[in-house]
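**Student:** I'll drop the sequence and a predicted model, then ask my questions.
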Amino acid sequence: MKKKKHVAPKTYNEEERLIWELIMYRDFVAFCSEDWSMIEDDFMEEGFFGIDGKKSSDKATWSLTYPNLAAYKKDWLHQSTQFNKEEFAEDPLNFLFENVYLSRIDILGETAFVHKVFDGTLEVKNKPNLNLDWLSLFVLRKVNNQWKIQSFTGYLPRT
């Protein structure tokens, strides 16, 4: 199978391309490789937090699942390991690039707000399919000329 080249949309300006590389390219490659070291410098450790929307429209169920970067790293590694144990009908990395996209990138000075949409079903051999149907929102800051994730709210329902 020919390996696909994954690049940011041609319509992106330079800053949007840098954000795409952080939130899409490096995240997916690291996740499919179970390699946190590929993305560890993409986060602001001080003040980082993540909210889990639990794919629920009931905001009362949302939680501060990741009060710090260490908590997020632990869960990210667990999710990556579990994901990579599965046998998929197609290359999961290609699937992610084809079924996840950035629907919005707002940049105001040194701060960015990004919408990452997950929209597809990945066939798992001998198990139920993996349905990706949620939205994650990211706040990024530019530190020393590099975009870094300061916080996110993930697993939000798309409707």
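**Tutor:** Happy to help now that I have it.
**Student:** ok, and for the longest strand seen in the chain, which residues are buried?
**Tutor:** Assignment by DSSP state E gives strand 130-143 as the longest strand of the chain. Within strand 130-143, the residues that qualify as buried are 134, 135, 136, 137, 138, 140, 141, 142, counting by 16 or more other C-beta atoms under 10 Å. Bear in mind the C-beta positions are built from the backbone N, C-alpha and C, glycine included.
**Student:** all strands for this structure, in order.
**Tutor:** Taking DSSP E as the test, the strands found in the chain are 49-52, 63-66, 100-108, 111-122, 130-143, 146-156.
**Student:** isn't residue 18 up against residue 148?
**Tutor:** No. Using C-beta atoms under 8 Å, residue 18 is not in contact with residue 148, being 11.0 Å away.
**Student:** what average pLDDT does the top helix by length along the chain get?
**Tutor:** Identified as the longest helix of the chain according to DSSP state H is helix 69-85. Per-residue pLDDT over helix 69-85 has a mean of 98.
**Student:** tell me what angle it forms with strand 111-122.
**Tutor:** Here helix 69-85 points in a direction 20 degrees away from that of strand 111-122 (axes from the mean of the first three to the mean of the last three C-alpha atoms, to 10 degrees).
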